[in-house]
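Student: Sequence and computational prediction follow.
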Amino acid sequence: MDGSKKCILLVEDNKLAQKMAAMALKSLGCEIHTANTGAEAITQFKARSYDLIFMDLGLPDMDGYTVTETIRELEKKRQTRTPIVALTAHTEDEFRQNAKKAGMDDFLAKPLTKAKAADMLAKYLTKSVPKIRAL
């Protein structure tokens, strides 16, 4: 990308989806931290900064909207803003609107593929990430 590894927080409770998304991101040269719950995501965010967050909307303890709203409040104290991309199987407009209202920057339908990940990295972190086209 730009010579330094980008640190990504992947918030996903489905182990298979988490593993596949992490593999895609690692293949793009990212350092990946994972959280299985909203509470884990908030704890990890408090402990360090991330370059980008991929946020599942359906988590077992709280929804991704609530986690995002909490992160946005924490960022006010830090005076930072981390791009947050919603990940969901629900692509209806209502979910997109709720994601935007909660403070998310973008919205992706699952699964998180290498091509989708590369597009988000290019959009939010650097313009030098090559676009990967799905076959």
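Tutor: Arrived safely, thanks for sending.

Student: Report the beta-bridge partners for the spatially most central residue of the chain.
Tutor: Nearest to the centroid of the C-alpha atoms of the chain, with distances taken as Cα atoms, centre = their mean, sits Phe54, at 1.0 Å. Assessed by DSSP bridges, Phe54 has beta-bridge partners Leu10, Val85.

Student: what sits against it?
Tutor: Contact analysis of Phe54 by Cβ atoms under 8 Å, 6 or more residues apart in numbering lists 8-12, 21, 85, 87, 108, 112, 117, 120. The C-beta positions use only the backbone N, C-alpha and C, and glycine is treated the same way.

Student: Show me which of those residues is closest to Val67.
Tutor: Nearest to Val67 out of these is Val11 (Cβ to Cβ; 6.7 Å).

Student: and Ala39, helix, strand or coil?
Tutor: In three-state terms, and counting by DSSP: H, G, I helix; E, B strand; the rest coil, Ala39 is helix.

Student: and it, how far is that from Thr66?
Tutor: For Ala39, the distance to Thr66 equals 10 Å [Cβ to Cβ, to the nearest Å].

Student: Need the residues touching each of those two.
Tutor: Contacts common to Ala39 and Thr66, judged by Cβ under 8 Å, 6+ apart, are absent.

Student: Are there helices or strands packed against the longest helix along the chain, and which ones?
Tutor: Criterion DSSP state H: the longest helix present in the chain is helix 64-78. On a contact count with 3 or more Cβ pairs under 8 Å, 6 or more residues apart in numbering; DSSP states H and E, helix 64-78 meets helix 38-47, strand 52-56, strand 84-88, helix 93-102.

Student: looking at those, which has the lowest confidence?
Tutor: Lowest mean pLDDT of the helices and strands packed on helix 64-78: helix 93-102, a mean of 92.
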